[in-house]
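# this one's structure only:
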């Protein structure tokens, strides 16, 4: 899919959101240009092309186009993947139906139903083979019989086949042979083998991950190829890169085979961007809050290192894939306000999305959204929204709020909507911090996305955080994060062993290094252009879950690794047991190719700030005369006392009463609690 020959260092990051598509262009001289266009749900890739055209980018002079997209997530959530079949070991047909005893959602739900798998039972077939937990073959695979099982699924309508055979994570020979046979005899069918996508133990999670990948993979592959072809037709000669849930990018040609790795593509890019801005301002510990049009994504990064997870949950389905550990709530600008079953005001998770959008957009939306409440409260000025490119209609916003059916004036209803959404976001922050044993009060909240800066200080107030960082062009931080993310490839292998010097001998290290070199070559990485990092999933004997420790080079000293595990276990859970045996469960390798080029957001302007305009705004039930200022005209060192609203094209920053805002030397804004009335 790559077309070589480029010499320029120019990069373009494009991220598709539920309402808008954002673009940040890193020019060869390090300067940045930006663009924001409406998303195009009917033809998702068109918004990417629209943004590139509006920004006036000559693709022939661009080295890298890096893309973040929700195409995989949307295909799963809407169940619009391709008809998929599953082949599993005889006797294990119902693994994804039975699942585990975990109960997703409210434990008080009386009529609980397990989340539905993306593969119906009629499209699940069995293969008469067996490998034990040590990798020893107990019953050989009859490849012809396996093909007949696949043929029956194809005849029943399957256009993609997932293969997950028992214990293939330790001996993938049967899966490899069966996958090769199906690909040879049915090349039009997509095949996903668990040994290729999730070679880890835990049968249910491994099977579900493989099934989901097979379900969405053809959709992702078709999308990426179409986008790549259109970019090439417009002159692009580089390799299209795709953001992964882990916060690293991968070549576009690998996205189709690894579709589950991009389920949190956009949000992970935002976290990468937030970390970049925190570091340049000398901030170490951050909580990120990314409020877009459909949802709000929250993550935590102590020491500017994001907390990671090896399993994410999407639509209540467990996916074994490296990802930034984050919580998503239905609290976006397009989230719909309504009365719940008990007659109380609620916000989300349903969203008006890009079409028809909030009522105030005037595109046919009639249901009240968070954006409509922001307009009625006075936080958004209709003529200044989206840099003046999109005038909001106050009368439609008022009509939508009135239709909710909540008693009280329109001002009180809008206030109630905003308080509700602030509470929802504060709850998400608690889930990534206090619920994980971390006190967030000493952290800085980094607020970005179209709505993050508007709500950031109010959310921080609820959880006791006293500082909020609003980066340059906050509505485009996810697109910016695409530019500064390294290319990464994650490999994993399950091997149950008591941690000892013998388990970390030269053969083990050489095997990991060889796997890294093979994977790097398969992805077209030049020798010497990448480095490998090594990880171990460790646990006490008898524990059900593991902690991962990462090393630049895998130490051969088991005592040193065990000591590091004890420290991390105590830090994470509050206790350690030095007398217990430590087990190594998974060996991990991460290939990293550092991104080149330095981004340089424009500095703040010089000279005195303009005089503020004033308007009446409602904060938490109280009417306040509020200053309105354009961010583009605020010089470094400028400080103002709230209440105030700072406007720019991609976002609106609200400084509530009792807060102040200061323009840092970098041009980023720092909001601080404890100033003003």
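Arrived safely. Model, not experiment: these values are computed from the prediction. Numbers count the residues shown, from 1 in each chain.

# domain-wise, how is this protein divided?
With domains defined by automatic domain parsing, the chain comprises 11-76+221-262, 79-213, 487-593, 613-673.

# please work out which of these is packed deepest.
Comparing these by mean neighbour count (mean count of other Cβ atoms under 10 Å), domain 11-76+221-262 ranks first with a mean of 21. All C-beta spots, glycine's among them, are computed from the backbone N, C-alpha and C.

# average pLDDT for that one?
For domain 11-76+221-262, mean pLDDT is 88.

# so how far is the longest helix along the chain off the chain centroid?
Identified as the longest helix of the chain according to DSSP state H is helix 203-233. Centroid separation for helix 203-233 versus its chain: 16 Å, with Cα atoms, centre = their mean, to the nearest Å.

# following it, which helix or strand shows up next?
The helix or strand immediately downstream of helix 203-233 is strand 239-243, counting by DSSP states H and E.

# now do the helix or strand just after that following strand: which elements does it pack against?
Per DSSP H and E, strand 239-243 leads on to strand 249-251 as the next helix or strand towards the C-terminus. Using 3 or more Cβ pairs under 8 Å, 6 or more residues apart in numbering; DSSP states H and E as the contact criterion, the elements in contact with strand 249-251 are strand 239-243, strand 487-498.

# which of these sits closest to residue 168?
Taking Cβ to Cβ as the criterion, strand 487-498 is the member of the helices and strands packed on strand 249-251 that comes nearest to residue 168, at 10.3 Å.

# same for the closest one, what does it pack against?
Other elements packing on strand 487-498 under the criterion 3+ Cβ pairs under 8 Å, 6+ apart are strand 249-251, helix 506-522, strand 582-593.

# same thing but 6 Å
Using 3 or more Cβ pairs under 6 Å, 6 or more residues apart in numbering; DSSP states H and E, the elements in contact with strand 487-498 are helix 506-522, strand 582-593.

# quick one: contacts of it?
Contact partners of strand 487-498, identified using Cβ atoms under 6 Å, 6 or more residues apart in numbering, comprise 169, 200-201, 248-249, 322, 503, 515, 519, 581, 583-584, 586-593.

# hey, where'd the helices end up in the stretch 301-450 of the chain?
Assigned helices in the stretch 301-450 of the chain, in chain order: 370-377, 394-402, 410-432 (criterion: DSSP state H, counting those that start in this stretch).

# wasn't residue 294 part of a helix?
No. The assignment for residue 294 (DSSP: H, G, I helix; E, B strand; the rest coil) gives coil, which keeps it out of a helix.

# need the contact list for residue 551.
Contacts for residue 551 were tallied using Cβ under 6 Å, 6+ apart; they are residue 534.

# ok, what's across the strand from it?
On DSSP bridges, the residues paired with residue 551 through beta bridges are residue 534.

# oh, and call the first residue 596 from now on, that's how I've got it
Happy to do that; since the first residue is 596 now, the last one works out to residue 1146.

# check the gap between it and residue 1063 for me.
Distance from residue 1146 to residue 1063, counting by Cβ to Cβ, to the nearest Å: 35 Å.

# low-scoring stretches of this structure, by residue?
Scanning the chain for pLDDT under 70 picks out 596-603, 613, 699-701, 949, 982, 1192-1193, 1270-1272.

# which strand residues bridge residue 660?
Here residue 660 shows beta-bridge partners residue 607, residue 835, assigned using DSSP bridges.

# looking at it, it is touching residue 607, isn't it?
Yes. Under the criterion of Cβ atoms under 6 Å, residue 660 is in contact with residue 607, at a separation of 4.9 Å.

# ok, and what's touching stretch 647-663?
When contacts are taken as Cβ under 6 Å, 6+ apart, the neighbours of stretch 647-663 outside the stretch itself are 601, 603-610, 618, 620, 630, 632, 829-831, 833, 835-838, 844, 860-861, 864, 1077.

# and the end-to-end length of it?
Stretch 647-663 stretches 14 Å from its first residue to its last (Cα to Cα, to the nearest Å).

# now name the helix or strand holding the spatially closest residue to residue 724 that is not a sequence neighbour.
Counting by Cβ to Cβ, 6 or more residues apart in numbering, residue 736 is the residue found nearest to residue 724 once chain neighbours are left out, at 4.1 Å. Residue 736 belongs to no helix or strand when elements are defined using DSSP H and E.

# looking at it, residue 736 is touching residue 770, isn't it?
No. Taking contacts as Cβ under 6 Å, residue 736 lies outside contact range of residue 770: 8.9 Å.

# residues contacting residue 979?
Contacts of residue 979 were listed using Cβ under 6 Å, 6+ apart, and they are residue 1242.

# OK, contacts around residue 666?
639, 815, 818.

# same list, those, but as CSV with distance to residue 1052 please.
Converted to CSV, the contacts of residue 666 look like this (distance: Cβ to Cβ, whole Å):
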residue, distance to residue 1052
639, 34
815, 38
818, 38
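
# closest to residue 956 among those?
Comparing every one of those with residue 956 (Cβ to Cβ), the shortest separation belongs to residue 639, at 19.7 Å.

# can you tell me the closest non-neighbouring residue to that closest one?
Distances taken as Cβ to Cβ, 6+ apart put residue 666 closest to residue 639, at 5.9 Å, once the chain neighbours are dropped.

# separation between that neighbour and residue 634?
Look at residue 666 and residue 634: by Cβ to Cβ, they are 12 Å apart.

# and for residue 652?
The spacing between residue 652 and residue 634, counted by Cβ to Cβ, is 19 Å.

# check residue 1043 too.
When distance is defined by Cβ to Cβ, residue 1043 is 18 Å away from residue 634.

# residue contacts, residue 841?
917-918.

# from the contacts of residue 666, which is closest to residue 714?
residue 815 (17.1 Å).

# leaving out the residues flanking it, which one is nearest to the closest one?
For residue 815, the nearest residue in space outside its immediate sequence neighbours is residue 854; the separation is 4.1 Å by Cβ to Cβ, 6+ apart.

# my read: residue 691 touches residue 711, true?
No. Between residue 691 and residue 711 no contact is recorded; they are 9.8 Å apart, counting by Cβ under 6 Å.

# mind listing the strands for the stretch 846-995 of the chain?
881-886, 891-896, 903-909, 912-919, 921-924, 930-934, 940-946 (DSSP state E, counting those that start in this stretch).

# which residues are contacting the fourth one?
With Cβ under 6 Å, 6+ apart as the test, strand 912-919 has contacts from 710, 793, 795, 800, 803-804, 840-842, 855-856, 859, 863, 866, 894, 901, 904-907, 1085.

# with the shortest one instead?
The set of residues that contact strand 921-924 without belonging to it, under Cβ under 6 Å, 6+ apart, is 862, 890-894, 1019, 1023, 1026-1027.

# can you tell me which of those is nearest residue 1246?
residue 891 (13.5 Å).

# so what's that closest one up against?
Residue 891 is in contact with 924, 926, 1020, counting by Cβ under 6 Å, 6+ apart.

# 7 Å - rerun?
Contacts of residue 891 were listed using Cβ atoms under 7 Å, 6 or more residues apart in numbering, and they are 884-885, 924, 926-927, 1020, 1023.

# backbone phi and psi for residue 788, please?
phi -100, psi 140 (degrees, to the nearest 10).

# and the gap between it and residue 1184?
Note on residue 788: its distance to residue 1184, by Cβ to Cβ, is 19 Å.

# what does residue 1087 give?
Distance of residue 1087 to residue 1184, given as Cβ to Cβ: 8 Å.

# now residue 1092
Residue 1092 is 17 Å from residue 1184, by Cβ to Cβ.

# cool, and residue 1063?
Remark: distance between residue 1063 and residue 1184 (Cβ to Cβ) = 38 Å.

# ditto for residue 1154
Distance from residue 1154 to residue 1184, by Cβ to Cβ: 23 Å.

# one more: residue 1139?
24 Å.

# how about residue 1176, what does it touch?
1093, 1135-1136.

# distance to residue 1031 added to those, as JSON lines?
Written out in JSON lines, the entries for the contacts of residue 1176 read as follows (distance: Cβ to Cβ, whole Å):
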{"residue": "1093", "distance to residue 1031": "28"}
{"residue": "1135", "distance to residue 1031": "19"}
{"residue": "1136", "distance to residue 1031": "24"}
